[in-house]
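Participant: no sequence for this one, just the structure:
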């Protein structure tokens, strides 16, 4: 069962044109929006096995217990399945589907910029996923923020990254997740060609080039391989035996070490 929450405003709240948000001002300082506080109460109750007291919520959200009691009553009136009573604590009944997340303008723009930057890495599957995120966001954010998605106030260039022909980046990601080896034919900057079997541990994204960080069986060491210099590849069924988390730590340490 899904629910739709309408968060009402408290009498002391007002709309600020300067910040595009609703602010509560008490004793001359700005407090959390009530809508955000109600959302945080749901988050705090969600998944807890024991009842949560109003005093605990009040301390966490920096408000009075009286405010928490009023907020709980508001949520219950909006059919949010919160059970309990003052003095004993509250819990969220199982099966409640949390409503879509609320985003600030900056968060919407951050997601949109990030999704558009994915276009630069020439990975069709990630590009599709990024567009899917934007489509979902379009249906998630309030109507007043949708214009920022429809007509973003920024431009992200497509960059000069060369689309790799010899390897599919989706295979690289699958190999990393499944700890599977990849056989590649690689051409270095001196145009020397070699056949390698690598243990991929990470994809490395720079502005206009994508690398595979991997353990190289030929060199018996960590190496970086530019995907645009791989002329042929095969995702092998054989898995590598190393601990990928440990290998990632070793690679990061090597990368951070002074040259």
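Facilitator: Good, I have the coordinates. Bear in mind that the values here come from a model prediction, so they are computed numbers and not experimental data. Numbers count the residues shown, from 1 in each chain.
Participant: next one: residue 113 from residue 154, what distance?
Facilitator: 6 Å (CB to CB, to the nearest Å). Where you see a C-beta, it was placed from the backbone N, CA and C, and this is true even at glycine.
Participant: those two - which one has more neighbours?
Facilitator: More crowded of residue 113 and residue 154, by other CB atoms under 10 Å: residue 113, with 12 against 9.
Participant: for that one, list the residues it contacts.
Facilitator: 154, 156 (CB atoms under 8 Å, 6 or more residues apart in numbering).
Participant: A strand includes it, no?
Facilitator: No. Read with DSSP: H, G, I helix; E, B strand; the rest coil, residue 113 is helix and lies in no strand.
Participant: do you know how far it is from residue 125?
Facilitator: To residue 125, residue 113 is 20 Å away according to CB to CB.
Participant: low-confidence bits of the stretch 1-150 of the chain, can you list those?
Facilitator: Low-confidence segments of the stretch 1-150 of the chain, defined by pLDDT under 70: 1-32, 47, 95-101, 140.
Participant: and the helices in the stretch 51-200 of the chain?
Facilitator: Per DSSP state H, counting those that start in this stretch, the stretch 51-200 of the chain carries helices over the ranges 54-61, 65-77, 105-117, 124-140, 143-150, 169-178.
Participant: now do the host helix or strand of residue 44: distance to the chain's middle.
Facilitator: Per DSSP states H and E, residue 44 falls inside helix 34-45. Centroid separation between helix 34-45 and its chain, computed with CA atoms, centre = their mean, to the nearest Å, is 20 Å.
Participant: buried residues in it, which are they?
Facilitator: For helix 34-45, a neighbour-count test (16 or more other CB atoms under 10 Å) marks 34-39, 41-42, 44-45 as buried.
Participant: what do you get for stretch 152-168?
Facilitator: 161, 164, 167-168.
Participant: residues making contact with that stretch?
Facilitator: When contacts are defined by CB under 8 Å, 6+ apart, stretch 152-168 is touched by residues 109, 112-113, 116-117, 119-122, 182, 184-185, 207-210, 227-228, 230-233.
Participant: what about it, distance to the chain center?
Facilitator: With CA atoms, centre = their mean, you get 21 Å for stretch 152-168.
Participant: start and end of that stretch, how far apart?
Facilitator: For stretch 152-168, the first-to-last residue distance is 30 Å (CA to CA, to the nearest Å).
Participant: so who does residue 84 touch?
Facilitator: So residue 84 contacts 51, 90-91 (CB under 8 Å, 6+ apart).
Participant: how about JSON lines for these, with distance to residue 191 and neighbour count added?
Facilitator: What follows is the contacts of residue 84, written out as JSON lines (distance: CB to CB, whole Å; neighbours: other CB atoms under 10 Å):
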{"residue": "51", "distance to residue 191": "69", "neighbour count": "14"}
{"residue": "90", "distance to residue 191": "69", "neighbour count": "24"}
{"residue": "91", "distance to residue 191": "66", "neighbour count": "18"}
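Participant: take those and lay them out in JSON lines including distance to residue 84.
Facilitator: Compiled in JSON lines, the contacts of residue 84 are given as follows (distance: CB to CB, whole Å):
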{"residue": "51", "distance to residue 84": "5"}
{"residue": "90", "distance to residue 84": "4"}
{"residue": "91", "distance to residue 84": "6"}
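Participant: can you tell me which of the residues you listed are in strands?
Facilitator: Using DSSP state E, 90-91 are the members of the contacts of residue 84 that sit in strands.
Participant: closest to residue 65 among the contacts of residue 84?
Facilitator: residue 90 (11.9 Å; CB to CB).
Participant: hmm, residue 82 and that closest one touching each other?
Facilitator: Yes. Using CB atoms under 8 Å, residue 90 makes contact with residue 82 at a distance of 5.4 Å.
Participant: just give the nearest non-adjacent residue to the residue nearest the centre of the chain, would you?
Facilitator: For the chain, residue 111 is the residue whose C-alpha lies nearest the centre (CA atoms, centre = their mean; 8.6 Å). For residue 111, ignoring the flanking residues on the chain, the nearest one in space by CB to CB, 6 or more residues apart in numbering is residue 137 at 6.2 Å.
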